[in-house]
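Novice: need a structure here:
(2 chains)
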Protein chains: 2
Amino acid sequence: MNAEQRRALEDEVKTLGDEIRQLKAGKADPDLVSLTNQFTMFRTLVSRIAYSARLSEETVVKPRIAYAQRSGKRIKERVNKMLAKKKELGVTDEKPGKFVLKTGKGTRDYGPAQSALRNAVLEKVVETFNKYGAETIDTPVFELRDVLMGKYGEEGGKLVYDLQDQGGELLSLRYDLTVPFARYLAMNKITNITRYQIAKVYRRDQPVMSRGRYREFYQCDFDIAGQYDLMLPEAECLGIVNELLTKLEIGEFFINLNHRLILEGMFAVSGIEAKDFKTICSSVDKLDKTPWAEVEEEMIKEKFLKREQTEKLGQLVRFRELNGDLSNLELLDKMSQLPELGQNEKFKKGAEELKVLIGYLEVDGVTTVRYEPSLARGLDYYTGAIYEAVAPKALEGTAAEKCEETAGQPVGVGSVAAGGRYDGLVNMFDAKLKVPCCGVSFGIERLFAIMEARQKNTIRTTQTEVYVVSAQKNLVMERKKLLRTLRAAGIKSEMPLKANPKLLTQLQYAENARIPLAAVIGEREVQEGIVKLRNVVTREEKDVPLDQLVNTIRETLATL
Amino acid sequence: MNAEQRRALEDEVKTLGDEIRQLKAGKADPDLVSLTNQFTMFRTLVSRIAYSARLSEETVVKPRIAYAQRSGKRIKERVNKMLAKKKELGVTDEKPGKFVLKTGKGTRDYGPAQSALRNAVLEKVVETFNKYGAETIDTPVFELRDVLMGKYGEEGGKLVYDLQDQGGELLSLRYDLTVPFARYLAMNKITNITRYQIAKVYRRDQPVMSRGRYREFYQCDFDIAGQYDLMLPEAECLGIVNELLTKLEIGEFFINLNHRLILEGMFAVSGIEAKDFKTICSSVDKLDKTPWAEVEEEMIKEKFLKREQTEKLGQLVRFRELNGDLSNLELLDKMSQLPELGQNEKFKKGAEELKVLIGYLEVDGVTTVRYEPSLARGLDYYTGAIYEAVAPKALEGTAAEKCEETAGQPVGVGSVAAGGRYDGLVNMFDAKLKVPCCGVSFGIERLFAIMEARQKNTIRTTQTEVYVVSAQKNLVMERKKLLRTLRAAGIKSEMPLKANPKLLTQLQYAENARIPLAAVIGEREVQEGIVKLRNVVTREEKDVPLDQLVNTIRETLATL
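Specialist: You can find the predicted model right below:
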């Protein structure tokens, strides 16, 4: 699929989306809701295909495209049919004065299933942070505008949501968690804290919902602030990344590692001026997705480097690519033996520091770190080691095309965690306060999406263990008594909130909600002082005397 | 303390606060930070005193006031001294162009201790919701302004934070969680869900930080939406309130219960017109804090009732007050036997419904519910049963005057949870969708404050179980190896991020952070393959062979 085809497909999808949205605005119709859901699935699918097509031209994407186009056509036909029908019926699309029931652009609700998944992931995240001795803090969702101003560059600044001036202070929604963290440290003169923070941030970006780019999204940061010894904090950060990604079972992943001073050294010996550092970094950083020839072209044509400069630089930043089988230490040593680079003070210092870190990681058993001299991101900001975790196969084997609407994000590529040392941030608020920091930010929205795609069963949205069911009428008090016994024993349980529910309806509910056990009572059971305990999956039932019920349930739950 | 004295005291405190804030703005000085902390304590204290003075005139508050005034004077003296000193030194208070490092008005950071406490409380809250089979959802922090508009009455509407019009939709921050919930149900045509949501809401109210009135604060809602049988959902809500407040150990509490139709019936037989329902409700609802005579006066003078009306009404709404020893059913029965009221259809229906609920609560073992015909809040909104939990002694025995800056809120009185049936809310968004709802909202900020005041020990801000300590230099790799072993076994552990930390400093850190165990290694231990395991509190130490360490630690932790 070439760019034009892709664009055409995306346009078609957009038009379709607008139509459906207009329809929906006019009159919310159950048919249309289901149609909209289908559309969302379709759009997600198309975007996935477009994305994977860009990634690997060899991949056989044609059948998928055909499927998507068929779905698209089918949906469009149905929409047209419905439009015609509505016209016939004289229903206008937009009623004047009636407002559209929707969430703000680029935001969404998380229903029970998405919330349950997110909570399950966040539980593991927090567990890992706690294991490493972190504290947590919380800061307000908005900050004084002055606090945020000038911290995100020109581009970022444009994306900050401002609150309306309703008298009083000028406020803006937080754009990330790092600047509020620095403000917190400076304001409270804290020079020493290891903290995590998981909270939503806000960016007035152009949303691409199908790719998971939203205007409200979670960030998940872990940072070690304080005057510590060389590379010990970095080793903790990388240990956490390694442990958490392993625990989440997102498939093979690795952590690229580099150092600002190594980049500066390589640039210097290639004859690149310090003023060009940032712009050339942004070219070099594309090397993970773009071939060298293209990157070189860009540096020459758009950034005015000479070919002799790019050729020198290419030999250095591609050192991992050209020496794939060397260990991290061997690679660093080999680079150190290069005549010019080996003599560069900056490179020497950077390489020495990374060697210390690599030594620590070996003792820590962190084997997923890979020294990668072309890693060059976040350098507005980072002053020392930088790292970024990627999980190239996170989506492999998942049925992306069967996937329901997911949390989005182009998964399977791209970074799932990134960080580094930033010693200057707190200084922006207090020139006298020296608080060296290093940290890592998890791409938690991307991790949610990966986990959603990889999960084999639909996630349970409640934790109910026992459903209390009656086999006959007029047993509401008996059910309540039983429920009280179970809850008093700490067993998570519910019953239908109907006086006389039908037995089949109740059992069906338990099955749908994937509640493992049902406690069934009828008149016989009440008289005999027993409960029929039913395994909802196998449908096996056994009579259990009331006084043994709690223990039997506990034992049964333990074996499931 | 009369109102005037109180006001004078509060003014003094305010002036003091402004002075300190100005000082702080000029130059942040460690002395001033500590001073500000003292001031906050002092202000909290004064507000508590003022509050409790209003509550019970008999309480001996004089010594506390004296203490507060002495503290105030002492602080003021120190501030004056410092001001003079700064003047001498030629330091100006405000540097032009320098912005003040603070959070937005009415908002605050939660440091590690407050965050840990909140998380501990929320864990119990969520555990209880899960036990009752609830799901959870999440909605965006802002909504289309049209969604919120007109939902909070004139007063509430003024307090909504608007986002600036930066092109695109008009947005506002959510003011509560109920309207977004109704929007979520209507938008997705959901007719059936039991969900909780815990999230922050925003109100541009005049903040009173010392009393816990903030502009950003948590709400914690549990709601059952769906067509169920009479009073079964209400019984679940009251069961949750009862169970959670018991679990939180906030001291004696009870849950007042009433019904909208009972209020309407009592008003009708007192000759009060339907159009006056809301305004008279707001008077009646004051009866929990204000004597009848005052309330009656207000109804006559400000709301133009006749004395014969108020006299009739008083006999009815004060029925619990006048018959304190009757059970709920007895009280309802006695009211039903009143000649006029007993014949009123509305009252009869309300009373019948409450009797069903009271019957359920008995079977559920919920004994804290008290039928209270003067409970009359939220009636813009509620259509059936209403309830409100109060914990009058939640602060009893806590050392409020020794308290450090707390999460605020006037604790020990007032409602800690409130709710009821509201069958009309979803209709505001979709006239055709009938989704009866009932729910309860916990005063979670107030519960945080109560838990903070009642806790006996400072809460731990990390969960670290073992601190890995070295007794000599050059053992960083050995410490790391040990740490790796512990973490691999799932033991929460950290080590100082210094290459050669001092033994005493390390042990001191473990004590301060209340980490229960320290694993100490020196050269001897490394050579012999042992670890010195130290109980940080008792300072007992014993040598443990490396291969038994993990088990020994687990056993020891289990006994602590």
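
Novice: what helix or strand is A:Glu388 located in?
Specialist: strand A:385-390 (DSSP states H and E).

Novice: closest residue of the stretch 351-500 of chain A to chain B?
Specialist: Ranking the residues of the stretch 351-500 of chain A by distance to chain B (CB to the nearest CB) places A:Glu494 first, at 3.4 Å. For the C-beta atoms, the positions are set from N, CA and C on the backbone; glycine is no exception.

Novice: any idea which helix or strand carries the residue found closest to that residue once you drop the neighbours it is linked to in the chain?
Specialist: Distances taken as CB to CB, 6 or more residues apart in numbering or on different chains place B:Gly133 nearest to A:Glu494, at 3.4 Å, with adjacent residues excluded. If you go by DSSP H and E, B:Gly133 is not part of any helix or strand.

Novice: shouldn't B:Gly133 be in contact with A:Thr461?
Specialist: No - counting by CB atoms under 8 Å, B:Gly133 does not reach A:Thr461; the two are 10.0 Å apart.

Novice: confirm that A:Ala417 sits in a helix.
Specialist: No - assessed with DSSP: H, G, I helix; E, B strand; the rest coil, A:Ala417 is strand; it does not lie in a helix.

Novice: nearest residue to it other than its sequence neighbours?
Specialist: Closest to A:Ala417 by CB to CB, 6+ apart is A:Ala389, at 4.1 Å.

Novice: A:Glu135 now?
Specialist: Leaving out its chain neighbours, the residue that sits closest to A:Glu135 by CB to CB, 6+ apart is B:Pro112, at 3.7 Å.

Novice: output stretch A:286-303 as CSV, restricted to C-alpha atoms.
Specialist: Only the C-alpha atoms of stretch A:286-303 are listed here, as CSV (Å, rounded to 0.1, in the frame of the first residue of the first chain):
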residue,chain,number,x,y,z
LYS,A,286,15.4,8.4,13.4
LEU,A,287,17.9,5.7,12.7
ASP,A,288,15.7,3.1,14.5
LYS,A,289,13.1,3.4,11.8
THR,A,290,14.8,5.0,8.8
PRO,A,291,17.8,3.8,6.8
TRP,A,292,21.0,5.6,7.1
ALA,A,293,20.9,6.9,3.5
GLU,A,294,17.7,8.8,4.1
VAL,A,295,18.9,10.2,7.4
GLU,A,296,22.2,11.3,5.8
GLU,A,297,20.2,13.0,3.0
GLU,A,298,18.2,14.9,5.5
MET,A,299,21.3,16.1,7.4
ILE,A,300,22.9,17.3,4.2
LYS,A,301,19.9,18.8,2.4
GLU,A,302,17.9,20.2,5.3
LYS,A,303,20.5,20.7,8.0
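
Novice: list the buried residues of that stretch.
Specialist: Residues of stretch A:286-303 classed as buried: A:Lys286, A:Leu287, A:Asp288, A:Trp292, A:Val295, A:Glu296, A:Glu298, A:Met299 (neighbour count, 16 or more other CB atoms under 10 Å in any protein chain shown).

Novice: what's the answer for stretch A:467-480, then?
Specialist: Buried residues in stretch A:467-480, counting neighbours by 16+ other CB under 10 Å, are found at A:Tyr467, A:Val468, A:Val469, A:Ser470, A:Ala471, A:Leu475, A:Val476, A:Glu478, A:Arg479, A:Lys480.

Novice: same question for stretch A:539-550.
Specialist: Buried positions in stretch A:539-550, judged by neighbour count with 16+ other CB under 10 Å: A:Val544, A:Leu546, A:Leu549, A:Val550.

Novice: and of the buried residues of stretch A:467-480, the nearest to B:Asp146?
Specialist: Minimum distance to B:Asp146 across the buried residues of stretch A:467-480 is 40.2 Å, recorded for A:Tyr467 (CB to CB).

Novice: after the host helix or strand of the closest one, which helix or strand is next?
Specialist: Secondary structure from DSSP H and E places A:Tyr467 in strand A:466-470. Per DSSP H and E, the first helix or strand lying C-terminal to strand A:466-470 is helix A:476-488.

Novice: so is that next one next to chain B?
Specialist: Yes - Helix A:476-488 reaches chain B (CB under 8 Å from any CB of the partner chain) through A:Val476, A:Met477, A:Lys480, A:Lys481, A:Leu483, A:Arg484, A:Arg487, A:Ala488.

Novice: check the offset of that helix from the chain's centre.
Specialist: 41 Å (CA atoms, centre = their mean, to the nearest Å).

Novice: tell me the angle it makes with strand A:466-470.
Specialist: Orientation check (axes from the mean of the first three to the mean of the last three CA atoms, to 10 degrees): helix A:476-488 against strand A:466-470 gives 170 degrees.

Novice: state the helix or strand in which the spatially most central residue of chain A lies.
Specialist: What sits nearest the mean C-alpha location of chain A, by CA atoms, centre = their mean, is A:Glu445, with 1.8 Å. According to DSSP H and E, A:Glu445 maps onto helix A:444-454.

Novice: and that helix, what's buried?
Specialist: A:Ile444, A:Glu445, A:Arg446, A:Leu447, A:Phe448, A:Ala449, A:Ile450, A:Met451, A:Glu452, A:Ala453, A:Arg454.

Novice: now the closest residue to the last one other than its chain neighbours: how far from A:Ser282?
Specialist: Closest residue in space to A:Arg454, ignoring its immediate chain neighbours: A:Thr398 at 5.4 Å, by CB to CB, 6+ apart. When distance is defined by CB to CB, to the nearest Å, A:Thr398 is 32 Å away from A:Ser282.

Novice: neighbour count: these two, which is higher?
Specialist: Using other CB atoms under 10 Å in any protein chain shown as the criterion, A:Thr398 and A:Ser282 rank with A:Thr398 on top: 19 against 14.

Novice: quick one: low-confidence ranges for the stretch 51-200 of chain A?
Specialist: Scanning the stretch 51-200 of chain A with the threshold set as pLDDT under 70 gives A:51-76, A:78-99.

Novice: tell me where it has strands.
Specialist: A:135-136, A:142-144, A:171-173, A:193-202 (DSSP state E, counting those that start in this stretch).

Novice: for the nearest residue to A:Asp109 once chain neighbours are set aside, phi and psi?
Specialist: Closest residue in space to A:Asp109, ignoring its immediate chain neighbours: B:Thr139 at 5.0 Å, by CB to CB, 6+ apart. For B:Thr139, the backbone dihedrals (degrees, to the nearest 10) come out as phi -120, psi 160.
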